[in-house]
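>>> Provided below for reference: sequence and predicted model.
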Amino acid sequence: MLHILIGEDDFSIHQALEEIKKSAGDPAALMPNTTVLEGARVTLEQLRAACETVPFLTDKRMVVVEGLFERFEPKGRNGKKKSPPQPDPMADYKPIADAIKNLPPFTELVLLGGSIKSTNPLLHELAAMSKIRTFPSLKGTQINQWVEKRVNSLGKGVISKKAVDLMVRLVGNDLWTMANEVDKLVLFTGGRTIEEADVQAVVSSIQDASVFSMVDAIIESRVTLAQELLQQLFRQGMAPAQILVMLARQVRIIFQVKEMRDSGRSRGDIQSRLGLTSDFVLRKAWEQADKYSLTRIREVYHQLLEADIAIKTGKYSSPDLVIDILIAELGHRGAVSA
């Protein structure tokens, strides 16, 4: 049987894959009868061999192929495919489609893909053979509903509306991160209603949010707010050196996002190249890259490096004072035009 799971929401895709695995029989027996193939490089012979191998000591075998549809995506505006260079030309989708249409009855074949166009020839060829399940990225109230449903699915948990709103502001639509944070909150609250204060205490992105807000305040010359946020981080137990490292990291990300975006790279490519798993961090960096010139971002970054040297060499009486002076200097200077 063929299963097609495509879309930008890879968390939900993998959840659906786990459900298919459960329905295929005993997990222990299925494990040695499961083959995972890389669609970008798999040959027709390898695909056939994986699908036609008779299962051992069970009724089913599972074959999972990731990235096969991307291999046959129509070319973009620049005339290049979005996927890595492939050994097979576009015309070779037909033999692969024919092989998939002749699956033996004991094989569960799952094809996983990202954001695939409706004009994809392989997808079009297989559409009549299997229901295509699509998983677009959640937006707006869909994310709030997902959080509430996740909390409820872990027991009889309840989360307040304010707590949900804060979760979404901090994490965004990165469901891998969101699921992890929800799970931590449910354990932390032990069955009682999850409130906004619980999110502030537990969700790891809260510090990223504070640091990004501080970067905003510094570059926009809102010195009072920047110093308030600094004291908030101190109260959360962050050391001056740690705050400096996080500030430098966020400013560096903003700089890299702006530079790569100006060179024409896509949002997904930038996120992949920077290794950002949090949609929140990318979204904030993207917004700030719109506001500030490369000159200003570079200035701020160099001053952060100077502050780091001052802390390590003991130039001032305490590391706290170094950060206070840094934020005052950066804030009063304001935004510098490109």
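Arrived safely.

>>> other SSEs contacting the longest helix along the chain?
Assignment by DSSP state H gives helix 240-262 as the longest helix of the chain. Applying 3 or more C-beta pairs under 8 Å, 6 or more residues apart in numbering; DSSP states H and E, one finds that helix 240-262 makes contact with helix 205-219, helix 223-235, helix 267-274, helix 279-291, helix 294-313, helix 319-333. Quick note: C-beta positions are derived from backbone N, CA and C, even for glycine.

>>> What's the per-residue pLDDT of the closest residue in space to residue 201 that isn't next to it in sequence here?
Once flanking residues are discounted, residue 201 sits nearest to residue 188: 7.4 Å by C-beta to C-beta, 6 or more residues apart in numbering. Here, the pLDDT recorded for residue 188 equals 90.

>>> which parts of stretch 58-77 are buried?
58, 60-73 (16 or more other C-beta atoms under 10 Å).

>>> Could you give the average pLDDT over that stretch?
In the prediction, stretch 58-77 has an average pLDDT of 84.

>>> Give me the distance from that stretch to the chain's centre.
When C-alpha coordinates are averaged (C-alpha atoms, centre = their mean, to the nearest Å), stretch 58-77 and its chain have centres 21 Å apart.

>>> Could you list the buried residues of the strand or helix carrying residue 49?
Using DSSP states H and E, residue 49 maps to helix 44-52. Buried residues in helix 44-52, counted by 16+ other C-beta under 10 Å: 47, 48, 50, 51.

>>> In those, find the pair that's most separated.
48 and 50 (7.4 Å; C-beta to C-beta).

>>> picking that back up, and the buried residues of helix 44-52 as JSON lines, adding distance to residue 178 and pLDDT?
Listed next are the buried residues of helix 44-52 as JSON lines, based on distance: C-beta to C-beta, whole Å; pLDDT from 0 to 100:
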{"residue": "47", "distance to residue 178": "34", "pLDDT": "94"}
{"residue": "48", "distance to residue 178": "39", "pLDDT": "93"}
{"residue": "50", "distance to residue 178": "34", "pLDDT": "93"}
{"residue": "51", "distance to residue 178": "35", "pLDDT": "94"}
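
>>> Reformat the residues you listed as JSON lines; add distance to residue 169.
As requested, the buried residues of helix 44-52 are exported to JSON lines (distance: C-beta to C-beta, whole Å):
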{"residue": "47", "distance to residue 169": "44"}
{"residue": "48", "distance to residue 169": "49"}
{"residue": "50", "distance to residue 169": "44"}
{"residue": "51", "distance to residue 169": "45"}
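
>>> State the pLDDT value of residue 233.
At residue 233, pLDDT is 78.

>>> Now do it against residue 152, distance only.
33 Å (C-beta to C-beta, to the nearest Å).

>>> Ok, residue 218 next?
Taking C-beta to C-beta, one finds residue 218 at 40 Å from residue 152.

>>> The two: which is more packed in?
In terms of neighbours (other C-beta atoms under 10 Å), residue 218 is the more surrounded of residue 218 and residue 152; the figures are 29 against 13.

>>> The more buried one contacts residue 300, doesn't it?
Yes: if you go by C-beta atoms under 8 Å, residue 218 and residue 300 touch, sitting 6.9 Å apart.

>>> Which neighbours do these two have in common?
Common neighbours of residue 218 and residue 300 (criterion: C-beta atoms under 8 Å, 6 or more residues apart in numbering): residue 330.

>>> What helix or strand is residue 4 located in?
strand 2-6.

>>> Strand partners (parallel or antiparallel) of that strand?
strand 107-113 (parallel), strand 132-134 (parallel) (DSSP bridges).
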